[in-house]
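> Fold the following, please.
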Amino acid sequence: MMSNFNPISPTKFKRYRKKFNHFVESSAKNFRENTTKTKKVLLIGAAVLSLSIPVGYYIHANALNEARNHLIQAEETLNQNKQGYVSKETTEAISRETADTAKIKEIWLHPQKIEKEAQALEALSKKAATESQSIEELLQQAQKLSTDKNISPTDKKLLESYQKQANSYQNFSDYKSKFEEEMFLVEAHNSRTEALNLAEETLKDKDLPKENRNELDKLVKSTKAAKKSDAIKDLANELTEKVSTAKLRIQEVKEARALKNAKDKAQENISTAEKLQASVYTEATDKTELQKLVKAVNQAKTSKAVEKANSDLATYLTGAKQRESKAAEQAAQKAEAKRQAEEKAAQEAARKAQNEINSANSAPVTSGGWTTAAPGMVFYRSNSNKYYRMVKNPGNYTYMTIGEAQGLNATPGHSNGSAKN
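Below you'll find the model as predicted:
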């Protein structure tokens, strides 16, 4: 308990000093007139002593008050810090020291002892805070390791055991070093498990080259056999690096195959483009663009680049083929029209020639009052749409070939007195 002692106040100290000054001033005259030198010295000394007593008391009281406040603050801080993850050894030391504190507070009059006790409490408070903070960090690390997907049930139980000891461990250094050592081993185990899983997945890939497969198999065996945490971590790191290298090799194999497949797939479009380039019906601008696009496909170095270039070529081919087909169709139509015109002209010329021949050999012959048409010729009567081989009055008929008469849908007429077949 804190005593009821109150140090002298500054106001009271000023009153003492004022009285002293007044005493000096009122006595000065008597000192000069009625007092000998020896008496003056004695009286001045008595006055100074009467003033020094309250001043010294004031200084001591304030030092005592500061020391007491320091001790109270140190004790409060210690009470807060000792609530954390503090070792039994430190907790016991705190108990012993606080017992001494209680004794000192019963006396409560010696600033030096009080200050020394406050410093002792601060040292223990700092130690307790350091231990608690260090263990808190270890517990956080352990919690993170416990939630790692690669942790084994055994390692998880081991960490849980150390986590439970956080509230009741004996010695800070021993507990901390063992806890750190076990976490390092668990971390190494986790790293090994992750590396082995990656290696196992990589070894399943059929595109893994043989030399990389052999290298991984050998390193997997060494990693599994390692016992010490340092060796486990080193081998796990090496295995992870080898897996990364192996995956790059796998990717190279896959890319080479994909590139070949893309080139093979593009070959059909390339062949189509070459045919269009050779066609006389393909426009010059299309031939130039097709040559450019085919070159882009052939020079592409990756499957993605080939696919992109082939896609561009396929898109352009659609329009180029339509234009070439249209040009070819128009050329064919022109050729057919020309052929038909030439054929018609030839037919007309043949018909004229035949008519000339027929004209020479198709004259009718008159005998016995009847006029007989030449072979292949008939007499056509328009009003009846009939034709005859022999007639008596040819002037009443039109003389033409039988084909011409049939072309007029005429039919042979019945024989009568003026015409007959």
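> was I right about L216 contacting K242?
Yes - L216 lies in contact with K242 (CB atoms under 8 Å); the separation is 5.9 Å. Bear in mind the C-beta positions are built from the backbone N, C-alpha and C, glycine included.
> Now for this structure: which helix has the highest residue count?
As assigned by DSSP state H, the longest helix anywhere in the chain is helix 303-361.
> phi, psi of M390?
Phi and psi for M390, reported as degrees, to the nearest 10, are phi -130, psi 140.
> doesn't T372 make contact with it?
Yes - proximity of M390 to T372 meets the contact threshold set by CB under 8 Å, at 5.1 Å.
> neighbour-wise, which of these two wins?
Using other CB atoms under 10 Å as the criterion, M390 and T372 rank with M390 on top: 20 against 16.
> can you give me the helices for this protein?
Using DSSP H, the helices found in the chain span residues 10-34, 37-81, 88-107, 111-146, 153-164, 172-203, 210-225, 229-278, 284-299, 303-361, 402-407.
> so how far is stretch 176-194 from its chain's centroid?
Relative to the chain's own centre, stretch 176-194 is displaced by 31 Å; criterion: CA atoms, centre = their mean, to the nearest Å.
> and if you look at stretch 243-261?
21 Å.
> Keeping just the C-alphas, turn it into PDB.
In PDB, the C-alpha atoms belonging to stretch 243-261 read as follows (Å, rounded to 0.1, in the frame of the first residue of the first chain):
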ATOM      1  CA  VAL A 243      10.700 -31.400 -62.500                       C
ATOM      2  CA  SER A 244      10.600 -27.900 -63.900                       C
ATOM      3  CA  THR A 245      13.300 -28.800 -66.400                       C
ATOM      4  CA  ALA A 246      11.400 -32.000 -67.300                       C
ATOM      5  CA  LYS A 247       8.200 -30.100 -67.800                       C
ATOM      6  CA  LEU A 248      10.000 -27.800 -70.300                       C
ATOM      7  CA  ARG A 249      11.200 -30.800 -72.200                       C
ATOM      8  CA  ILE A 250       7.700 -32.200 -72.200                       C
ATOM      9  CA  GLN A 251       6.400 -28.900 -73.500                       C
ATOM     10  CA  GLU A 252       9.000 -29.000 -76.300                       C
ATOM     11  CA  VAL A 253       7.900 -32.400 -77.400                       C
ATOM     12  CA  LYS A 254       4.200 -31.500 -77.300                       C
ATOM     13  CA  GLU A 255       4.900 -28.300 -79.200                       C
ATOM     14  CA  ALA A 256       6.900 -30.100 -81.900                       C
ATOM     15  CA  ARG A 257       4.000 -32.500 -82.400                       C
ATOM     16  CA  ALA A 258       1.500 -29.700 -82.400                       C
ATOM     17  CA  LEU A 259       3.600 -27.800 -84.900                       C
ATOM     18  CA  LYS A 260       3.800 -30.800 -87.200                       C
ATOM     19  CA  ASN A 261       0.000 -31.400 -86.900                       C
END
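> residues in contact with it?
195, 198-199, 202, 205, 207-209, 212-213, 215-216, 301-303, 306 (CB atoms under 8 Å, 6 or more residues apart in numbering).
> what's stretch 414-421 in contact with?
For stretch 414-421, using CB under 8 Å, 6+ apart, the contacting residues are F379, R381, Y388, R389, M390, V391, K392, N393, Y397, P412, G413.
> Counting neighbours, which of those comes out on top?
Counting neighbours by other CB under 10 Å, F379 leads the contacts of stretch 414-421 with 25 neighbours.
> For the chain, give me the ranges with low pLDDT.
Across the chain, the ranges flagged by pLDDT under 70 are 1-65, 67, 106-110, 356-361.
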